[in-house]
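A.B. asks: make a model of this:
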Amino acid sequence: MSTRLARASTDPTTTAPSPAAPSPATPAPDAPAQDAPAPPSGTPHARATLAVTSAATAVTLMTYTAPMITLPDTAAALHTPLSAQAWLLNGTPLGLAAVLLVAGSLADHYGRRRIFLSGTVALGITTALSALAGSTWLFTLARLAQGAASAAILASSLGLLVHAFPAGAGRIRATGIWGAFVSGGIAAGPPVAGALTGAGPDGWRWAYAALGAAALAPRALTESRAAQRGRPDLAGAATLGLALTALVAALTLGRDGWLRAPVAALLVAAAVLLAAFVAVEHRVRTPMLDLALLRRPLFLASTTGALFTGFSVIGLFSYLPTLLQHTLGLSVMGTAWLLVIWSGTSFVAALQARRLAGRVSARHQLAVGFALHAVAAVTMLGAASSGSWTRLLPGLLVSGAGSGLLNAALPLLSVESVPADRAAMGSGANNTARYVGSAAGVALMIAVSTSTDDLAHGANLAMTVSACLAVLAGVTVLLLRDRNRSPRQA
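C.D. replies: I've put the predicted structure just below:
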């Protein structure tokens, strides 16, 4: 469904953008975020770091998108009732949301390479376990663990890039390419999963086995970590992880009724645990999340943009393939290629979006990306009942362009809105918001689209809700302007 271009304060061909300035209430950033000086951006090491982290990110997103295409076959093989199918989609987002910020903090403290390599091995193992699952809950548990492994990869990747590419034009290009590979993984995942699903009755299992093998490919990187590490914030990690787990579980169960006792209990537990997390972060010397960052408009813009990317964009496109298979009678590969049109356009747009650096701020790029998705969702109204997949094409292309802008703007904004030595934490916070949003978005889109007996009408409702959320997101990020920066920087 990671939910990214550049906040560029000046023309990248002349002067490097300045790092995010701390607010008056925020302590000055610590020492540089590595044990050794970062290598120049053009060195083979830097290029290798970009290649490895981008490839791993692409495989991570391929595993994330597999259920979007294989959901009907997976649900049939596991005898999953309609009321529980949201768990098949939300297993990985739940693991991601619970662990991302924790993984980012651990990467900064114990070594980004160490966490990255651990994540790739764990992703390979857990993806293979998904292929062996024989029941809905075993599959969901495997996907939860898969999400935790993906969190380690996504959070540490951007930390490694910050070390390899000092602030400036090189980092703008690197994070833009990394963001493009988020789209590239989404583009490659559906046809791979669709092709393997068509290989036989249990073809969907081969999709997970193949992706698990890809995740185990060897990777060589240079270690980096925060200069001032301190003691790990285990209490913060425990309270936040449990709070996010309870929240996403409540959002997933809520589609069957928000007034039920389990949903209310989970929401109350999430609220209590979040309050406990805030109390812990105020007391520890090295908090997992510096709450003073919440006073930074650019950090809030980064987090809000990621949250609504998951809520509006990923939420819709996670369940849209299933809707199209039921309403238009498309095959698995048919819906896979439609997703490729959307995500392929996103890949190209993200690669080209770095050319906007120095001309359009990341905050405005986010606003334009959300606006394009809103327009696209409106153009797709009625497509599910039209009887023709070509009716979707304009919307897929426009939304793909908007998604590319989002995927290119968010990664750089996530690391440059925090102190330099907390880059992995910034990435973790950003991606946590993205996947909490995606889990909520999937639950919302399933609830909305199945609220009527006519799935075509339900698809229209889901697209309308997605468009409204995108408009709200665009307006919000425009209002979150850093008053201490020049108009071009903000």
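A.B. asks: show the contacting residues for residue 378.
C.D. replies: For residue 378, the contact set (C-beta atoms under 8 Å, 6 or more residues apart in numbering) comprises 463-464, 467. C-betas here are computed from N, CA, C, even on glycine.
A.B. asks: which one of these is nearest residue 294?
C.D. replies: Distance to residue 294 across these (C-beta to C-beta) is lowest for residue 467, with 28.4 Å.
A.B. asks: helices and strands around the helix or strand hosting that closest one, which ones?
C.D. replies: Element membership of residue 467 [criterion: DSSP states H and E] is helix 455-479. If you count contacts as 3 or more C-beta pairs under 8 Å, 6 or more residues apart in numbering; DSSP states H and E, helix 455-479 packs onto helix 297-308, helix 315-327, helix 362-379, helix 423-449.
A.B. asks: that helix versus helix 423-449: what angle between them?
C.D. replies: 150 degrees (axes from the mean of the first three to the mean of the last three C-alpha atoms, to 10 degrees).
A.B. asks: tell me the buried residues in helix 455-479?
C.D. replies: 455-463, 465-467, 469-474, 476-477 (16 or more other C-beta atoms under 10 Å).
A.B. asks: again with stretch 269-280
C.D. replies: Buried residues in stretch 269-280, counted by 16+ other C-beta under 10 Å: 269-270, 273-274, 276-278, 280.
A.B. asks: out of those residues, who's nearest residue 104?
C.D. replies: residue 277 (14.9 Å).
A.B. asks: just give me the neighbour total for the closest residue to the closest one other than its chain neighbours.
C.D. replies: What sits nearest to residue 277 in space, not counting adjacent residues and going by C-beta to C-beta, 6 or more residues apart in numbering, is residue 239, at 4.1 Å. Counted with other C-beta atoms under 10 Å, the neighbours of residue 239 add up to 22.
A.B. asks: host element of residue 239?
C.D. replies: Per DSSP H and E: helix 234-253 holds residue 239.
A.B. asks: rewinding a little: ranking the helices and strands packed on helix 455-479 by burial, who's on top?
C.D. replies: Counting by mean count of other C-beta atoms under 10 Å, helix 423-449 has the highest mean neighbour count of those, with a mean of 29.
A.B. asks: which SS state does the residue located most distally from the centre of the chain fall under?
C.D. replies: The outermost residue of the chain, judged against the average C-alpha position, is residue 387 (32.1 Å), by C-alpha atoms, centre = their mean. Secondary structure for residue 387, judged by DSSP: H, G, I helix; E, B strand; the rest coil, is coil.
A.B. asks: which residues sit in contact with residue 284?
C.D. replies: Contacts of residue 284 by C-beta under 8 Å, 6+ apart are 233, 235-236.
A.B. asks: ok, residue 66 touching residue 189?
C.D. replies: Yes: using C-beta atoms under 8 Å, residue 66 makes contact with residue 189 at a distance of 5.9 Å.
A.B. asks: which residues of this protein score low on pLDDT?
C.D. replies: Flagging of the chain using pLDDT under 70 yields the residue ranges 1-44, 82-83, 167, 196-222, 224-232, 255-256, 357-358, 420-421, 423-424, 482-490.
A.B. asks: tell me, which helix in it spans the most residues?
C.D. replies: Longest helix in the chain, counting residues (DSSP state H): helix 44-78.
A.B. asks: pull the distance from the following helix or strand past it to the chain's centre.
C.D. replies: Toward the C-terminus, helix 44-78 is succeeded by helix 85-110 as the next helix or strand (DSSP H and E). Taking C-alpha atoms, centre = their mean, to the nearest Å, one finds helix 85-110 lying 10 Å from the centre of the chain it belongs to.
A.B. asks: of all the residues in the next helix-or-strand element following helix 85-110, which ones are buried?
C.D. replies: Under the assignment DSSP H and E, the closest C-terminal helix or strand after helix 85-110 is helix 112-132. By 16+ other C-beta under 10 Å, the buried positions in helix 112-132 come out as 112-120, 122-131.
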